[in-house]
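J.: coordinates for the following, if possible.
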Amino acid sequence: MTKTLTPDICVIGAGSAGLSVAAAAATFGVPVVLVERGRMGGDCLNYGCVPSKALIAAGKRAHSMRDCANFGIAAVEPEVDFRKVNRHVHDVIAAIAPNDSVERFTALGVRVIQAETRFKDRRTLVAGDVEIRARRFVVATGSRPAIPAIPGIDGVDVLTNETIFDLTRRPGHLIVVGGGPIGVELAQAHRRLGSDVTVIEAARALGREDPEMAAFALRGLREDGVVIREGAKVASVERRGKTGVRVHVETAAGPATVDGTHLLVAAGRAPNVESLDLAAARVSFPPRGTKVNDRFPPTTRRVYAIGDVAGGPQFTHVAGYHASLVLRPLLFRLSARVDPSIIPRVTYTDPELAHVGMSEEEALKVHKGVRILRWPLSENDRAQTERETAGLVKLIASSKGRILGASIVGANAGEMIGLYGLAIGKGMGVRDLASWLPPYPTRSEIGKRAAITYFAGVTRKPAVRALIRFLRIFG
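T.: The predicted model follows:
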């Protein structure tokens, strides 16, 4: 017999967005049902942020052993046991997993159902042998790797971010299709762990980023030995031998081939909506996201979509941001709206590349008299002590000094970018950053130095110098 549940809120998907909504609502004493067909924790914990950053950390340790001669320490070639690297990655996942477990959320008061689910109508969701009739539904089903329709792709073994962390043997030559953040992060990590790596990108690698800033990150990859082929469109792929792969590419110089042992496709993501039957809930679902919640509340009366499935930036912190916003209409009947200007993004290469707000190009299209303020890491004492001087801070300011955007490339850029998101969100200006007091010696001083350059012209103004001369008369 079918059992019927009538919670106040039903959350579909136990990734970062869904878990945040379920936990917060339960904390307020609201009846919540959480439905998940796969692993608790979703993509971030099991296939995305957590395992990739664990792998990057292993690669960084190996790289530091090779690159320490400048510190007076003899460089050595590390012996990499890839099976143990894989164990490290999964140990990290296991350490975090209890925070996202069924047991923890059940203890919080959330009813967790692990089953495939679909909408029966706009008021009813079917999950296994249970029907759920909730006041509101929150779709937080995330996204999955998109596999492009490349001729021959079905005849080769393809790795994605969902399967590459299962490898216990180091790839001999990893071919990465896609030069976006996921592709270049995994490319550099595998190269530092001893694999040959080639990245194939149809346009420009890290094409979404400021070209000036992206150049630093890509230079770091190339110095590590990653081959990056830009302007190379994949025409077809085929199996080579028993386990290898051959990729045929088209370039401005003509056709070429790249032979490798493993193929990683990192060419975008698609929302997980195909099995939900959203049409039954009267929710439209364009290919790049459901778009039911641009402003919270949504255009439908009962269904919200948050996180990757909603379209827009696909980051764990954005999923958490969506969750915090959607709680306002869900619990308090208040409206809320996404502010894209405060959403940071970070590519965790070495050097790291971080951005928030408007880019230089975007600002120039909207504002007159835009000021671009720069300060290089090479002029920072902490960067010099650690011999990590590649990169800079770039601030985009209006003619009146309001912060419009910020880009940072360099060591720990991801740790520094949050300050600028706060500055943009609070309408702060370069005067605020110039008066801020960071500790010495830290890399955070770089942003202050960039802000101070906004006022450099003031020191040369005749009227200002005349005022100083006049005031000196009085002793």
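
J.: A22: which element?
T.: Per DSSP states H and E: A22 is located in helix 16-27.

J.: next SSE after that helix?
T.: Past helix 16-27, the next helix or strand by DSSP H and E is strand 32-35.

J.: for that next one, which helices and strands make contact with it?
T.: Counting contacts by 3 or more CB pairs under 8 Å, 6 or more residues apart in numbering; DSSP states H and E, strand 32-35 packs against strand 9-12, helix 16-27, strand 110-113. Placement of C-beta: from N, CA and C, glycine included.

J.: average model confidence for the helix holding A22?
T.: Averaged over helix 16-27, pLDDT sits at 97.

J.: ok, back up a step: so for L186, which of the helices and strands packed on strand 32-35 sits nearest?
T.: helix 16-27 (20.2 Å; CB to CB).

J.: and that closest one, what's buried?
T.: Within helix 16-27, the residues that count as buried by 16 or more other CB atoms under 10 Å are S16, A17, G18, L19, S20, V21, A22, A23, A24, A25, A26.

J.: can you dump the C-alpha atoms of that helix in CSV for me?
T.: C-alpha atoms of helix 16-27 as CSV (Å, rounded to 0.1, in the frame of the first residue of the first chain):
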residue,chain,number,x,y,z
SER,A,16,24.8,21.2,-0.3
ALA,A,17,21.7,23.2,-1.1
GLY,A,18,19.1,20.6,-0.1
LEU,A,19,20.9,19.7,3.2
SER,A,20,21.1,23.3,4.2
VAL,A,21,17.4,23.9,3.7
ALA,A,22,16.4,20.7,5.4
ALA,A,23,18.6,21.3,8.4
ALA,A,24,17.5,25.0,8.9
ALA,A,25,13.8,24.3,8.5
ALA,A,26,14.0,21.4,11.0
THR,A,27,15.8,23.6,13.4
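
J.: give me the helices and strands touching it, please.
T.: Against helix 16-27 (3+ CB pairs under 8 Å, 6+ apart) you get strand 9-12, strand 32-35, helix 42-46, helix 102-108, strand 110-113, helix 316-332.

J.: what angle sits between it and helix 316-332?
T.: 30 degrees (axes from the mean of the first three to the mean of the last three CA atoms, to 10 degrees).

J.: ok, and what's touching helix 16-27?
T.: 8-9, 11-12, 14, 32, 34, 36, 40-42, 44, 100, 105, 108-110, 138, 140-142, 306-308, 316, 319-320, 322-324, 326-327, 330-331 (CB atoms under 8 Å, 6 or more residues apart in numbering).

J.: related to what we said a few turns ago, can I get the helices and strands packed on helix 16-27 in a markdown table with mean neighbour count and mean pLDDT?
T.: Output for the helices and strands packed on helix 16-27, formatted as a markdown table (neighbours: other CB atoms under 10 Å; pLDDT from 0 to 100):
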| stretch | mean neighbour count | mean pLDDT |
| --- | --- | --- |
| strand 9-12 | 28 | 97 |
| strand 32-35 | 26 | 98 |
| helix 42-46 | 25 | 93 |
| helix 102-108 | 15 | 97 |
| strand 110-113 | 21 | 97 |
| helix 316-332 | 20 | 94 |
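
J.: who wins for proximity to V273 among these?
T.: Per CB to CB, nearest to V273 of the helices and strands packed on helix 16-27: strand 9-12, 10.0 Å.

J.: all helices for the stretch 251-400 of the chain, in order.
T.: In the stretch 251-400 of the chain, the helices defined using DSSP state H, counting those that start in this stretch lie at 316-332, 360-366, 381-385.

J.: among those, which comes closest to E352?
T.: Closest to E352 of the helices of the stretch 251-400 of the chain, according to CB to CB: helix 381-385, at 12.9 Å.

J.: which strands or helices does the closest one pack on?
T.: So helix 381-385, by 3+ CB pairs under 8 Å, 6+ apart, packs with helix 445-452.

J.: who does the helix it packs on touch, helix- and strand-wise?
T.: Where contact means 3+ CB pairs under 8 Å, 6+ apart, helix 445-452 is packed against strand 371-376, helix 381-385, strand 392-397, strand 403-410, helix 430-435.

J.: chain center to the longest one: distance?
T.: When you say that, I think you mean strand 403-410. How far strand 403-410 lies from its chain's middle: 16 Å, per CA atoms, centre = their mean, to the nearest Å.

J.: and it, average pLDDT?
T.: 98.

J.: right, and the helix or strand after it?
T.: Criterion used, DSSP H and E; the element after strand 403-410 is helix 413-416.

J.: contact partners for A146?
T.: A267, G268, R269, A270.

J.: which of these are buried?
T.: Among these, those classed as buried by 16+ other CB under 10 Å are A267, R269, A270.

J.: any idea which of the helices and strands packed on helix 445-452 gets closest to I164?
T.: strand 403-410 (25.5 Å).

J.: mind giving me the packing neighbours of that closest one?
T.: helix 211-224, strand 352-357, helix 360-366, strand 392-397, helix 418-425, helix 445-452.

J.: before I go, just wanted to say thanks for your time.
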